[in-house]
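Student: no sequence for this one, just the structure:
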Ligand SMILES: Nc1ncnc2c1ncn2[C@@H]1O[C@H](COP(=O)(O)OP(=O)(O)OP(=O)(O)O)[C@@H](O)[C@H]1O
Ligand SMILES: Cc1ncc(CO)c(N)n1
């Protein structure tokens, strides 16, 4: 059993992870309808997780408590919450980075973490992601819609992992599917390039039906997409 623990308010990440697993193995830390606080972080549950996915949409002490107990692979979605100051987020992620293996920012957040003005070209995005990977000693994975995902690992040339062509109906929630499925695969110790490729395919599939939970695929469905595209 691979246990994935997801900290944050993006319930769709956990739903996508569970759909991909097609069974149990995903736990969430979201306060269960109440404002989430450090006491909601079960040290045992986090310590026994093979992967921990942390979002910055919860209080800082919740993030800190979760990372303190983590022993498996740690993914951090550093997307700022509404009202967060960009400089504060960049400084906060610098502090958290030693406890993180894989950073999964969206493209605007790559700029925030790089402390640059918004509006970067794709070339600049590549170079910023590579610089973040080197400086913070993490792998940086950036979902990029129909283009797939950018992958920048330490000591490697950044590259684009392409998305398969699909009939897109609604991309809302594809970002959550991408991160949820990636967390499952990291829990299973799938090498990062293969994990990103599978998560990109899963997220593309999820965009083929309406609604933020779209067409959340099982593992078998993602595999069938791999052989037919
Ligand atoms: N048009 C698309 N075609 C194929 N795959 C897509 C498409 N849009 C999103 N995806 C998949 O979803 C993943 C996450 O996408 P991303 O977060 O960039 O979504 P988006 O296009 O910004 O949509 P939204 O902002 O509505 O959530 C991508 O890495 C890709 O795998
Ligand atoms: C309703 C809604 N909007 C956006 C997202 C994120 O794409 C989501 N998961 N759910």
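Tutor: Looks like it came in fine. Just so it is clear, the structure is predicted and the values come from calculations on it, not from any experiment. Ligands and ions are numbered 1, 2, ... in the order given.

Student: Could you use CA atoms for every contact and neighbour count after this?
Tutor: OK.

Student: Let's verify the residue nearest to the spatial centre of the chain: helix, strand, or coil?
Tutor: Among the residues of the chain, the one closest to the centroid is residue 179, at 3.4 Å (Cα atoms, centre = their mean). Following DSSP: H, G, I helix; E, B strand; the rest coil, residue 179 is assigned to helix.

Student: Chain neighbours aside, what residue packs nearest to it?
Tutor: Distances taken as Cα to Cα, 6 or more residues apart in numbering put residue 13 closest to residue 179, at 6.5 Å, once the chain neighbours are dropped.

Student: Pretty sure the one you found sits against residue 182.
Tutor: No: look at residue 13 against residue 182 with Cα atoms under 8 Å: they stay out of range, at 9.9 Å.

Student: so who does the residue nearest to residue 179 touch?
Tutor: Going by Cα atoms under 8 Å, 6 or more residues apart in numbering, residue 13 touches 6, 176-181.

Student: and ligand 2, which of those residues reach it?
Tutor: Of the residues in the contacts of residue 13, proximity to ligand 2 by Cα under 6 Å from any ligand atom holds for residue 176.

Student: Need the contact partners of the helix or strand where residue 123 lies.
Tutor: Assigned by DSSP states H and E, residue 123 belongs to helix 122-136. Contacts to helix 122-136, defined as Cα under 8 Å, 6+ apart, come from residues 94, 97-98, 107, 110-111, 113-114, 138-140, 150, 152-155, 157-159.

Student: Let me see the backbone angles for residue 139.
Tutor: Backbone geometry at residue 139, expressed as degrees, to the nearest 10, gives phi -90, psi 140.

Student: and it, how many residues sit next to it?
Tutor: Using other Cα atoms under 10 Å, residue 139 has 24 other residues around it.

Student: quick one: buried residues of stretch 56-69?
Tutor: For stretch 56-69, the neighbour count (16 or more other Cα atoms under 10 Å) marks 56-58, 62-63, 65-67, 69 as buried.

Student: can you redo those as TSV with pLDDT?
Tutor: Below are the buried residues of stretch 56-69 laid out as TSV (pLDDT from 0 to 100):
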residue	pLDDT
56	96
57	95
58	95
62	97
63	97
65	98
66	98
67	98
69	98
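
Student: Which pair of those spans the longest distance?
Tutor: Maximum pairwise distance in the buried residues of stretch 56-69, criterion Cα to Cα, is 18.8 Å, between 57 and 69.

Student: The closest residue to ligand 2 within the chain and ligand 1, how far apart?
Tutor: Using Cα to the nearest ligand atom, the closest approach of the chain to ligand 2 is made by residue 173 at 3.3 Å. Distance from residue 173 to ligand 1, counting by Cα to the nearest ligand atom, to the nearest Å: 5 Å.

Student: just the buried residues of stretch 56-69 now: which is nearest residue 89?
Tutor: Using Cα to Cα, residue 56 comes nearest to residue 89 of the buried residues of stretch 56-69, at 8.9 Å.

Student: is any part of stretch 149-161 close to ligand 1?
Tutor: Yes: using Cα under 6 Å from any ligand atom, stretch 149-161 reaches ligand 1 at residue 149.

Student: Let me see the residues that make contact with that stretch.
Tutor: So stretch 149-161 is in contact with 126-127, 129-130, 133-134, 137-144, 147-148, 162-163, 193, 196-197, 200, going by Cα under 8 Å, 6+ apart.
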